[in-house]
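Chemist: predicted model follows, preceded by the sequence.
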Amino acid sequence: MNVLDENIPRDQADLLRQWGVRFRSISRELGYQGIDDENVRPLLLRLKKPTLLTRDEDFFRREFAHAGYCLVWLDVAVEETAFFIRRFLNHPRFRANAQRLGCVIHVQTRRITWWTKNAESLAEAAWVD
């Protein structure tokens, strides 16, 4: 299940819907408006295999890696958020939920980096066109 943080602009969510990307939104369908960051991870643990897609860099911490969810920090221009969400979800390394769970991921325009639990260093992947 893809979960959009409340910091993903509505126009970007609308684009994802047009492209057929399925998701649920924090504050619209899950949780509540203005939910604190520390309450988001417990919320994710109540969902089935969620991937949180957020523009909040505070979620990119190795200690947040958990087998029950995936955290994705989208470090891209706000108007490109939907494009990079779709691109990320179609990347061969992250296409399936099972490939994403347990990862804390940093999506950038040039590359993707991520932590897994107990990793000693960041892993990195290039974009595949």
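Modeler: Yep, it's here. As the structure is a prediction and not an experimental result, all values here were calculated from the model.
Chemist: what's the least confident helix or strand in the protein, going by average pLDDT?
Modeler: Lowest by mean pLDDT, DSSP states H and E among the helices and strands of the chain is helix 37-45, with a mean of 82.
Chemist: list the buried residues of that one.
Modeler: Applying a neighbour-count criterion of 16 or more other Cβ atoms under 10 Å, one finds 40, 43, 44 buried in helix 37-45. C-beta: built from backbone N, CA, C; applies to glycine.
Chemist: I'd like the next helix or strand past it.
Modeler: Proceeding C-terminally, helix 37-45 gives way to strand 51-54 as the next helix or strand, assigned by DSSP states H and E.
Chemist: against which helices or strands is that next one packed?
Modeler: Using 3 or more Cβ pairs under 8 Å, 6 or more residues apart in numbering; DSSP states H and E as the contact test, the elements touching strand 51-54 are strand 2-4, strand 70-74.
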